[in-house]
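A.B. asks: Below: sequence and its predicted model.
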There are 2 protein chains.
Amino acid sequence: MTQPFHPPQRTLMGPGPSDVNPRILEAMSRPTIGHLDPQFITLMDDIKAKLQWVFQTKNALTLPISAPGSAGMEACFVNLLEAGDKVIVCQNGVFGGRMKENVERCGATAVMVENAWGEPVDPAKVAAAIAAHPDAKVLAFVHAETSTGAQSDAKALCALATKAGMLSIVDTVTSLAGTVVAVDEWGADAVYSGTQKCMSCVPGISPVTFSPKAVEVIQNRKSKVQSWFLDMNLVVAYWGGETKRTYHHTAPINALYALHEALCIVEEEGLEASWARHALHHKALAAGLEAMGISFVVDEPYRLPQLNTINIPAGADDIAVRSALLQEYSLEIGAGLGALAGKTWRIGLMGHAANRKNVLLCLDALENVLAGQGVAINCGVAAQAAIQVYKNT
Amino acid sequence: MTQPFHPPQRTLMGPGPSDVNPRILEAMSRPTIGHLDPQFITLMDDIKAKLQWVFQTKNALTLPISAPGSAGMEACFVNLLEAGDKVIVCQNGVFGGRMKENVERCGATAVMVENAWGEPVDPAKVAAAIAAHPDAKVLAFVHAETSTGAQSDAKALCALATKAGMLSIVDTVTSLAGTVVAVDEWGADAVYSGTQKCMSCVPGISPVTFSPKAVEVIQNRKSKVQSWFLDMNLVVAYWGGETKRTYHHTAPINALYALHEALCIVEEEGLEASWARHALHHKALAAGLEAMGISFVVDEPYRLPQLNTINIPAGADDIAVRSALLQEYSLEIGAGLGALAGKTWRIGLMGHAANRKNVLLCLDALENVLAGQGVAINCGVAAQAAIQVYKNT
C-alpha cells in the first residue's frame, strides 16, 4: 500500500507557481458543492465581477477557463481565428513561439515580428509589419514574457492594432496583479492570464476577457470553433447567462473557491498597492544581486519586478546551484527557458512571495551557495544593499 | 469589501460532482510545490502507476489531463483524428452527441449509430455500421451514459472495432471505480474519465489512457494535433519521459495531490470491493424507490449502480421537488439532461457518497418532499425495503 503524499514546504521564487497564500489553500479545501447549486452561481457572479476589476475592464465576457494558462491562450486563438486568417505574432521569448503554434494549428498564417530575447517588443517593427500586412486579422503579443522577464508596452501595441482595424490578443499570465494591466484603457480584445503567478493562487485556472468587438467576431464565425471545450459560444451559456445557467462542462468547483479567495486578497490590498509592493521588493532584490556582482538580462526600464531574469555568473554550474538551493534552503528559483536555458536564472517575486523575508532569504542563500561552490562573487554586501533600499523607502 | 465564500455542507447525490472524501480535501490543501520539483516528479510517477491500475491497463501513455472530462474527451478525438477521417459514433444519450461535435470539429465525418435514450448501445447495430463503413478509422461510444444511467457492453463493442481494424474511443467518466473498467481486457485504444464521479475527487482533472496502437497513430500523424494544449506528442515530454521532464504547461499541482489521495483511497478499498459497494447501495436504493412506486428509466441488466435515473412520478413538479430537497435537506439530486430533461431525476451513488446513510437520507427526504407536495406515492415503506436489502446481504 502506498503512502499519502506530503510535499515539502518550499519557498517558491521561480517563474510560477509562486507561494500560495495559506488562506487560499484553506478556502480550496471547503466542501465541494454542485456546479449548478444556486450558491455556486452567486460565487460565479462574484468571481466574474472581481475578474473584471482585476483586468480593469467592463467586458461582459470575462470568466475563468477551467484549465491552465496555456488553455487560456488557446481559447483566445481558437475563438478569434478561422482557417485562412493571418495573424501578426510578436516573439521575444518562448511564449510568442507558442502563440505561433496556436495560430498555425487553427489553419491560419503567422507573420512573425522578432525581437531579441530579453528585449521588449518594438512598436516600430510592429507598425512596419502592420503596414506590410494590412489584411492581418489579429495582432498577438506577450505583455510580460515569462521566459525572459521583459515587459512590452501593451498600450502602444494595442493602439497600433486598433488603428489598423485589427483585433489584439494579449498574454498577461505573468503581469496580472503584479504590474499594470488595464484592458479597457489599452483597448485590448482578447486577454488571458494565469492564477499561479502574481495572484498567488494554485495553478490550473486561466482568467480570460473578451471585448465586445471580439465577442461579435466569435458570434459571427463562418466555421465552428475547433475546440468544443473552449468554444466561448457554448461556455457563455454556463458562465454568462443573466438568467438560467446551462451545463457545459463540470466546473472545477474547489479551484474556483481558491480563485475567489485569491481575488479577495488582491481586493483587500488594492491593485495599486500590489503593484507598488512588487516594485519595492524587486528594487531591493536587484540592489542585492547587483551588489553581489550579478547582472540582469533585461534593461532596467523593461524589467518585470515580479520576474527577475539574471545571467548565471561565470564559473557557476546551473544545475548544481539550483539543486543546492532546493536541497539546503528548500528554495526554488527558475531555470532559463528556451534560448536562455543554461544561461540564466529566473527569480520570481510574485504575489504572496513578494516580501522582504523572501528577498533576504534568496540573497543569502544564493550568496552562500555560490561562494560554497567556489564562484567569484562579492560576499557580505548583498543583504545590506537590499536592506538599504527598504530603509530609503 | 466582499466576504470569503463559505459553501453550505451538501450531500451530493447528483450525477457528479459527488461528495468528496474529506481526506482528499485535506490532501489538496497541502503546500504547493513546483511542477518540476523532484518530489513532484515522484508524485507524477505514482499517479501514473495508480491510474494504470484503476484503468486495468499496462498502457505507458496513461496520465491525467489538466482539465475536466470534456477536455479528456477532446484529447482522445483531436489526437487520433485528422481531417477527412470517418468515425462511427454511438449515441444513446447526451455524451454521444458531444462525441459527434468533437468529430466534426476535427474536420472528420461522424456516422451515427442511434439507440433510444436509456438503452445500451446495441452491438448488432454497431456491427452493421462497421460493415457499411469499413473505411471508418474509429469506433466511439460511451460506456456509462451519465445522462441516462445506462451501461453498454464495452468489451463487445471494442472487440467489434478491433476485429474491423478500427481504433476505439471509450468514455468511462461515470464508470471508472464504480463498475468494471478493464481497458486491456477490452482492447480499448483511447479511454478517458473524470475525477468527480466514483473516485469522489474534486472536479477538474481527466485521466486518460492510450494503447500502443493509438500511440503509433498519434506519433505518425500527417498533420499536427489541432490543440496545442492537448497534443499528446508534447504532453508526453512532461508526463511520460523516463529521464528528463520537459515543461509543457504548468500542472495543476494541488488538484494532483487530490487525485493521488483519491487513488490511494480506491487502492485501500480495492477495485472489486468498490464495485461491490456501489452495487449493494444501488440495490438498497432501488428497492426503496420501487417500494415507493417510482420506476427506473433503464432496464435492470443495464442500470448503472452509481447513477440511478428514475421517472419523475406523475403529479410531481421537477423543480419544486429538487428545490425542496436542496433547501430542506441540503441534498442535491440531478435533473434530467437533454431529451430526458423535465422527465427524469438522476440519483448518484458515487464513490464516498455510496453509503447506507445516504441511501436512507435520500429515500426519506424524497418521500417526505413528494408526500408534502401532494404527490401520490407509497409512504412508510421505502426505508424498510432498503434496510431489508442490507439485512439480506
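C.D. replies: Sure thing, it's come through.

A.B. asks: now the strands for the stretch 51-200 of chain A?
C.D. replies: Assigned by DSSP state E, counting those that start in this stretch, the stretch 51-200 of chain A shows strands spanning A:61-65, A:86-91, A:109-114, A:138-142, A:144-145, A:150-151, A:167-171, A:190-192.

A.B. asks: hmm, who's touching the fifth one?
C.D. replies: Here strand A:144-145 makes contact (Cβ atoms under 8 Å, 6 or more residues apart in numbering or on different chains) with A:92-96, A:117, A:150-152, A:171-175, A:178-179, A:304, A:306-307. Yep, even glycine has a C-beta here, placed from its N, CA and C like the rest.

A.B. asks: hmm, back to that, point out the most buried one among the strands of the stretch 51-200 of chain A.
C.D. replies: Sort the strands of the stretch 51-200 of chain A by mean neighbour count, taking mean count of other Cβ atoms under 10 Å in any protein chain shown, and strand A:144-145 sits at the top with a mean of 31.

A.B. asks: Partner strands of that one, with direction?
C.D. replies: Each strand paired with strand A:144-145, and its direction, by DSSP bridges: strand A:150-151 (antiparallel).

A.B. asks: from the chain's centre, how far out does the strand it pairs with sit?
C.D. replies: Computed by Cα atoms, centre = their mean, to the nearest Å, the chain-centroid distance of strand A:150-151 equals 11 Å.

A.B. asks: Ok, stretch A:313-322 next?
C.D. replies: The chain centroid and the centroid of stretch A:313-322 are separated by 26 Å under Cα atoms, centre = their mean.

A.B. asks: now stretch A:380-393
C.D. replies: Chain-centre distance of stretch A:380-393: 28 Å, with Cα atoms, centre = their mean.

A.B. asks: Extract the residue ranges of chain A that are flagged as low pLDDT.
C.D. replies: Confidence mapping of chain A against pLDDT under 70 gives the ranges A:1, A:241-243.

A.B. asks: can you pull the buried residues of whichever helix in chain A runs longest?
C.D. replies: In chain A, with assignment by DSSP state H, the single longest helix is helix A:271-292. Buried residues in helix A:271-292, counted by 16 or more other Cβ atoms under 10 Å in any protein chain shown: A:271, A:274-275, A:277-292.

A.B. asks: Show me which residues of the stretch 101-250 of chain A sit near chain B.
C.D. replies: If contacts are counted using Cβ under 8 Å from any Cβ of the partner chain, the residues of the stretch 101-250 of chain A sitting beside chain B are A:101-102, A:104-106, A:194, A:196, A:202-204, A:224-229, A:247-250.

A.B. asks: List only buried entries from these.
C.D. replies: Among those, those classed as buried by 16+ other Cβ under 10 Å are A:101-102, A:104-106, A:194, A:196, A:202-204, A:225-229, A:247-250.

A.B. asks: How many residues are close by residue A:375?
C.D. replies: Residues lying near residue A:375 (other Cβ atoms under 10 Å in any protein chain shown) number 18.

A.B. asks: does it sit in a helix or strand, and which one?
C.D. replies: According to DSSP states H and E, residue A:375 maps onto no helix or strand at all.

A.B. asks: Now do it against chain B, distance only.
C.D. replies: 23 Å (Cβ to the nearest Cβ, to the nearest Å).

A.B. asks: if we can go back for a sec, report all helices and strands that the longest helix of chain A contacts.
C.D. replies: strand A:307-311, helix A:356-372, helix A:382-392 (3 or more Cβ pairs under 8 Å, 6 or more residues apart in numbering or on different chains; DSSP states H and E).

A.B. asks: Now do that helix and helix A:356-372, the angle between them.
C.D. replies: 20 degrees (axes from the mean of the first three to the mean of the last three Cα atoms, to 10 degrees).

A.B. asks: distance between helix A:271-292 and the chain's centre?
C.D. replies: The chain centroid and the centroid of helix A:271-292 are separated by 18 Å under Cα atoms, centre = their mean.

A.B. asks: Would you check that residue A:250 makes contact with residue A:34?
C.D. replies: No. Assessed by Cβ atoms under 8 Å, residue A:250 is found out of contact with residue A:34, at 9.1 Å.
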